[in-house]
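1. fold the following, please.
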Amino acid sequence: MLLLAAGVLCPALAHAAPPAGGDFQIQYWTTNEEGERGRQMTQNDLRGYVNKARCECGQAVSARVRISSTTALDPVQIRTFVGNNCDTGQLGNNIQARPCALVIDDFTNAYTKNIDFSFNPIWLATGISRESESQAINTAIAANECGTQQGDGGVWICVENSDQTDCQPEEFVVTGPQTQVVDPESGTALSLTYDFNPPNVSASNFRASGGDGAVVVNWDNATSADVQGFRALCANLDGSPVEGKGFRLDSVTAINNGTIYYTADNLCPDGPFDEVDVNEDPDEILTTGGDSDTDGDGDGDGDGDSTSTGTAAEFGAAPEVAHGGMVDGCCIADSTCEDIACKASVIAELGECDAEWTEPCAALALDYCQVCGGDGSCCAENETPGCFDEACALSVCATEENLSCCQSNWSAECANLAKESCTVCEGGTSGDGGGGSATSGVTSSSTSGSTTGSGTGTDTDAADTDGLDTSAIESLDWAYVCSGYIAPNASTVRIDGLTNDQDYQVMIVAFDFAGNPIAASEVFTATPRETTDLWEQCDAQGEICGTGGFCSCTQDPTDRGEGWLLFAGLFGLIARRRRRGGAA
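-> Numbering: from 1, shown residues only. As a prediction, this is how the structure comes out:
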């Protein structure tokens, strides 16, 4: 009877179950410099808000997690993480995924109220370093910096089933793409996307012509799906911003509508809003319990079944792992690959390469391994080791004296070597966005033609920028923005408000939907010229058109008026034709 009474009084408890993924409600907000909430994220924010600049500035994302179920739920342990691939990463022995940052570890009842927290965007793209002694988000060490990562991340939730300690992959009921925002086309909940990569640019053959107080830049544009738009930048010849130009963001939480690019120097010029400790020696793999990936199947447990086993990640001192520059042995055939993570990745994919590092092994490493690639331009100085085109990079770095180009940074000297030896830097055909000039150097070719509604444009002086300090405009500071938004399929822009006969530095910047920028052209110089109409040109050449301009009506003393009669007759003929046409 007592049991029956209990069932009558508390019927819901009789059917209680652990929370399922659909029981959780997840929302995201932007934050300002102080980490205070701004506006709730929209579909466009989820897709394009978290760019590399926001990651480098540590502009936090604010989140809210709550159980929205109206039915009774079992009081179980629930853990909330931030990251990507948290299910496989939690085991800690996966090559590509690292354990995610732990935000909340509590029981069901705590989740029936709003749980609000903020997190640094870096946690969306990377997991916990093996050097970290803690998985808690406030004290953990990140495995990698804000680099070239991109993907889907967000909140991951694990509901413990008590079969094993800690979270297992099958216990994750929320796996990132679960928000209140739904894609209207697919009807599915959207995830929080992070994108730290600049776009691939196919614009080339940049050239300029001068108008009256203006410069017109034209280029050849094979539209790239990566490019959201362009902006033109200009500077005075000494590198200072042009008066009256520039762009200012209303606030750091302003809506990103895909019309401007972002850099850390622009977004947080006074330094990051928030910082996370990052492992200075980025890692890709963690083995547990003394096991290693001896069988080459990529799972780290050496049992040959491609399935990871063991407990959750152990955090402690990192084992010694050799990391090289871009020309590490992993990237070159018939050599020794010394990067453990890279070697394991390649072996797992090809099922060979353990005994001999053949050409296919090196080719796959170029695609898979961080030690084998840069993402900057081959044809211009950039801060990453190597450059976009692997063949070009390996060609430049083939000699001992140029090895630093692929081990530290791609200097101006490296770029010059690329221009001499690499086809991607010839004739502006580079697809990496760095070599789009009409010449292999840093000057623009000129074109003639009409640059205004009337009058004739004159060519700019395509002055050589050698010796000029172009570092300021190349920083992409918003102070140098000289145009409005330029559509991705455009191939021309007119920069107005300039001074005639004054030289300017000019460059074109491309950016993707998230606002990650890349220089689409090199810096070149251009000079506006005063435009002249036909009469002004005649006058400048000694009145060769007469003395009356377009209305030269002066009468020769010997003329008895036949010219006037002819003009009047012609006018009458035109008038009659117009009347006749109108009557018809």
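
2. what about Ala20, neighbour count?
-> 12 (other Cβ atoms under 10 Å). Yep, even glycine has a C-beta here, placed from its N, CA and C like the rest.

3. excluding covalently adjacent residues, which one is nearest to it?
-> Using Cβ to Cβ, 6 or more residues apart in numbering and skipping residues adjacent in sequence, the residue nearest Ala20 is Val173, 5.8 Å away.

4. which phi and psi values does the one you found adopt?
-> Phi and psi for Val173, reported as degrees, to the nearest 10, are phi -100, psi -20.

5. tell me how far it lies from Val50.
-> Distance from Val173 to Val50, counting by Cβ to Cβ, to the nearest Å: 24 Å.

6. ok, Arg64 next?
-> For Arg64 relative to Val50 (Cβ to Cβ), the value is 17 Å.

7. one more: Val215?
-> 35 Å.

8. cool, and Glu420?
-> From Glu420 to Val50 the distance is 39 Å (Cβ to Cβ).

9. so for the two, which residue has more residues nearby?
-> Val50 (28 against 11).

10. name the helix or strand of this structure that has the lowest mean pLDDT.
-> Lowest by mean pLDDT, DSSP states H and E among the helices and strands of the chain is strand 445-446, with a mean of 33.

11. all helices of the chain, in order?
-> 2-9, 11-14, 43-48, 52-57, 86-89, 122-125, 264-267, 340-350, 359-368, 390-396, 412-421, 471-474, 534-540, 562-583 (DSSP state H).

12. rewinding a little: next one, pLDDT for the residue nearest to Ala20 please.
-> Val173 carries a pLDDT value of 89.

13. ok, now Ile128?
-> 90.

14. pretty sure it contacts Ile137?
-> No: the pair Ile128 / Ile137 is not scored as a contact, 9.4 Å apart, by Cβ atoms under 8 Å.

15. mutual contacts of the two, please.
-> Shared contacts of Ile128 and Ile137 (Cβ atoms under 8 Å, 6 or more residues apart in numbering): Ala101.

16. who's more crowded, those two?
-> Ile128 (31 against 22).

17. nearest residue to the more buried one in space, please, no chain neighbours.
-> Nearest one to Ile128, counting by Cβ to Cβ, 6+ apart, is Pro99 at 4.6 Å.

18. now Val174
-> Ile157 (3.8 Å).

19. and the one you found, how close does it get to Ile122?
-> In terms of Cβ to Cβ, Ile157 sits 20 Å off from Ile122.

20. go on, Glu381?
-> Glu381 is 26 Å from Ile122, by Cβ to Cβ.

21. out of the two, which sits in the busier spot?
-> Here Glu381 and Ile122 are compared on neighbour count by other Cβ under 10 Å; more neighbours surround Ile122, at 28 against 18.

22. Val242 is in contact with Asn236, isn't it?
-> Yes: using Cβ under 8 Å, Val242 is in contact with Asn236, at 6.0 Å.

23. find residues that contact each of those two.
-> Tyr504.

24. for Ile170, give me the pLDDT.
-> Ile isn't right for residue 170; it's Glu. Per the predicted model, pLDDT is 89 at Glu170.

25. residues touching it, list them.
-> Asp87.

26. Trp156 bridge partners, please.
-> Phe81, Thr175 (DSSP bridges).

27. any idea how far it lies from Ala110?
-> Separation of Trp156 from Ala110 (Cβ to Cβ) stands at 17 Å.

28. give me the more crowded residue out of those two.
-> Between Trp156 and Ala110, counting by other Cβ under 10 Å, Trp156 is the more crowded of the two (25 against 14).

29. the more buried one contacts Thr80, doesn't it?
-> Yes: between Trp156 and Thr80 there is a contact at 7.4 Å, judged by Cβ under 8 Å.

30. what about the residue nearest to Ile128, how many neighbours?
-> Using other Cβ under 10 Å: Pro99 sits among 29 other residues.

31. surely it meets Ser129?
-> No: look at Pro99 against Ser129 with Cβ under 8 Å: they stay out of range, at 9.5 Å.

32. quick one, what contacts Asn257?
-> Asn44.

33. put the alpha carbons of stretch 152-167 into PDB.
-> Taking C-alpha atoms only, stretch 152-167 is exported to PDB below (Å, rounded to 0.1, in the frame of the first residue of the first chain):
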ATOM      1  CA  ASP A 152      32.300  24.100 -35.600                       C
ATOM      2  CA  GLY A 153      32.500  24.300 -31.800                       C
ATOM      3  CA  GLY A 154      30.500  25.300 -28.800                       C
ATOM      4  CA  VAL A 155      29.000  23.700 -25.700                       C
ATOM      5  CA  TRP A 156      29.300  20.000 -25.300                       C
ATOM      6  CA  ILE A 157      27.500  18.200 -22.400                       C
ATOM      7  CA  CYS A 158      28.200  14.800 -20.900                       C
ATOM      8  CA  VAL A 159      25.600  13.100 -18.800                       C
ATOM      9  CA  GLU A 160      27.200  10.400 -16.600                       C
ATOM     10  CA  ASN A 161      25.700   6.900 -16.700                       C
ATOM     11  CA  SER A 162      27.900   5.700 -13.800                       C
ATOM     12  CA  ASP A 163      29.200   2.800 -15.800                       C
ATOM     13  CA  GLN A 164      32.700   4.300 -15.900                       C
ATOM     14  CA  THR A 165      34.400   7.100 -14.200                       C
ATOM     15  CA  ASP A 166      34.600  10.400 -16.000                       C
ATOM     16  CA  CYS A 167      33.000  11.100 -19.400                       C
END
